[in-house]
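Participant: Structure for this input, please:
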Amino acid sequence: MKALQGVEGHVEWREQPSPTCDVGQVKIRVAAAGLNRADLMQRAGLYPPPPGASDILGLECAGVISEVGVGSSWQVGDRVCTLLAGGGMAEEVVVDGRHVLPVPEGLSLHEAAAIVEVYATVWLNLFQLAELQPGEKVLLHAGASGIGSAAIQLCKAFGNPTWVSVGSAERLAYCEALGAQGGVVRGDGLEGLKDLGPFDVILDPVGANYSELNLDVVALDGRWVMIGLMGGRQAQFDLAKVLSKRVRLQGSTLRSRDDAFKADLLSDLGQQVWPLFTEGRLKPQLAKTFPIADAEAAFEALASNQISGKVVLVIDETLS
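Facilitator: Numbers count the residues shown, from 1 in each chain. Sure, this is the predicted structure:
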């Protein structure tokens with residue numbers, strides 16, 4: 001089979017051994033794979049896969065099951081999407097059957113490739129770790145990203161008003177169209193968030209640059225969940241605010257979680273979130289697709305920070 005690998009800051013579509021299907025696993029003929037910032041970091045040599053995971057790029061994909069290992073209830077021919085620690089940007093991938101979900105009714109395989117990683121991330125961090133309750137206010141930094149797009153819709157579905165920080169007026173309008181109450185544009189200054197808060201939960205992929213601001217706008221007993229370091233890893237802030245506001249700061253990663261944890265997360269996602277796609281309350285925000293031959297252009301598009309929603313790489317054009 002062929003697969004995409006990061007090589008010294010660029011990507012190459014090259015021959016790799018076809019994976020074998022073991023007990024409890026399924027093999028998927030991949031139609032399309034979602035592109036995430038973790039893939040950009042891995043391409044740059046900054047985010048190696050966890051021990052034991054494939055070094056092939058791709059943390060999510062969708063396709064058709066071509067082989068089923070002993071002990072799995074899936075069937076050959078099932079249309080599925082899956083969460084991965086790596087390996088999704090390939091013609092085939094083998095995955096624990098517990099990490100697979102059916103493609104929601106009415107969605108194409110290209111759309112399904114854009115939903116698993118972002119909705120799993122949002123469900124884990126907002127609803128499980130931060131224990132978001134109906135009516136609580138949420139602040140989403142990078143609100144027009146794939147994760148932000150998913151979070152806005154999911155918060156709306158569960159009764160949580162959201163506000164965002166974004167890079168442009170156009171991206172703010174995009175977020176408001178999805179259901180955000182409002183927000184601020186970085187270039188105009190983030191201080192306006194102080195007039196919109198306080199926020200019960202902050203989902204933060206930025207890190208250091210926003211630390212002081214987060215403590216200013218988080219509510220009493222608020223939860224600040226950090227999922228990325230786009231703005232740096234070294235921060236200085238006033239710990240007295242953490243004490244006086246009783247703030248809970250939670251660091252969170254998903255890729256390195258063990259198989260059992262991911263199986264429980266995907267089971268919960270399938271029960272609590274997947275029906276909302278069928279009901280039309282959630283919609284994939286597929287901004288742009290690229291053929292696998294143009295993978296480098298897809299990576300550059302995501303790196304430009306001009307994409308609202310998700311980028312997907314089409315691997316098998318005969319599957320849709």
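
Participant: So for this protein, the centremost residue is which one?
Facilitator: What sits nearest the mean C-alpha location of the chain, by C-alpha atoms, centre = their mean, is Val118, with 2.5 Å.

Participant: Touching, it and Ser149? I think so.
Facilitator: Yes - under the criterion of C-beta atoms under 8 Å, Val118 makes contact with Ser149 at 7.2 Å. The C-beta positions use only the backbone N, C-alpha and C, and glycine is treated the same way.

Participant: what residues are shared contacts of the two?
Facilitator: Lys310 (C-beta atoms under 8 Å, 6 or more residues apart in numbering).

Participant: Asp75 should be in a helix, yeah?
Facilitator: For the record, residue 75 is Gln, not Asp. No - according to DSSP: H, G, I helix; E, B strand; the rest coil, the state of Gln75 is coil, so it is not within a helix.

Participant: residues touching the closest residue to Glu92 other than its chain neighbours, list them.
Facilitator: By the measure of C-beta to C-beta, 6 or more residues apart in numbering, the closest residue to Glu92 outside its immediate chain neighbours is Met1, 4.9 Å from it. Applying C-beta under 8 Å, 6+ apart to Met1 gives the contacts Glu15, Gln16, Pro17, Ser18, Pro19, Ala90, Glu91, Glu92.

Participant: For Lys241, give me its contacts.
Facilitator: When the contact criterion is C-beta under 8 Å, 6+ apart, the partners of Lys241 are Leu215, Asp216, Val247.

Participant: Let me fix that, I meant to ask about Trp74.
Facilitator: Trp74 makes contact with Val26, Ile65, Val68, Val80, Gly97, Val100, according to C-beta under 8 Å, 6+ apart.

Participant: Next step: those restricted to strands.
Facilitator: Using DSSP state E, the subset of the contacts of Trp74 located in strands is Val26, Ile65, Val68, Val80, Val100.

Participant: Neighbours of the residue nearest to Gln16 when sequence neighbours are not counted, how many?
Facilitator: Excluding the flanking residues, the one nearest Gln16 by C-beta to C-beta, 6+ apart is Ala3, at 4.3 Å. The tally of other residues near Ala3 (other C-beta atoms under 10 Å) stands at 27.

Participant: Tell me the secondary structure of Ala3, please.
Facilitator: When the rule is three-state DSSP, Ala3 gets the label strand.

Participant: right, and Leu35 touches Gly309 too?
Facilitator: No - at 11.2 Å, Leu35 does not count as touching Gly309 under the criterion of C-beta under 8 Å.

Participant: more crowded one of the two?
Facilitator: The residue with more neighbours, out of Leu35 and Gly309, is Leu35; 31 against 20, by other C-beta under 10 Å.

Participant: residue contacts, that one?
Facilitator: If you count contacts by C-beta under 8 Å, 6+ apart, then Leu35 has Ala298, Phe299, Leu302, Lys310, Val311, Val312, Leu313 around it.

Participant: ok, back up a step: check the gap between the residue nearest to Gln16 and Asp259 for me.
Facilitator: Taking C-beta to C-beta, to the nearest Å as the measure, Ala3 falls 21 Å from Asp259.

Participant: Can you redo the contacts of Lys241 as a markdown table, where the extra columns are pLDDT, distance to Glu8 and secondary structure?
Facilitator: Formatted as a markdown table, these follow (pLDDT from 0 to 100; distance: C-beta to C-beta, whole Å; DSSP: H, G, I helix; E, B strand; the rest coil):
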| residue | pLDDT | distance to Glu8 | secondary structure |
| --- | --- | --- | --- |
| Leu215 | 96 | 39 | helix |
| Asp216 | 96 | 41 | helix |
| Val247 | 97 | 41 | coil |
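
Participant: Which residue ranges make up each domain of this protein?
Facilitator: Here the domain assignment for the chain is 2-115+255-314, 118-251, based on automatic domain parsing.

Participant: Mind checking those for the one nearest to Ser320?
Facilitator: Ser320 sits nearest to domain 2-115+255-314 of all the domains of the chain, at 5.4 Å, using C-beta to C-beta.

Participant: end-to-end on the closest one?
Facilitator: Distance between the boundary residues of domain 2-115+255-314 (C-alpha to C-alpha, to the nearest Å) amounts to 13 Å.

Participant: just how off-centre is it within its chain?
Facilitator: Relative to its chain's centre, domain 2-115+255-314 lies at 11 Å (C-alpha atoms, centre = their mean, to the nearest Å).
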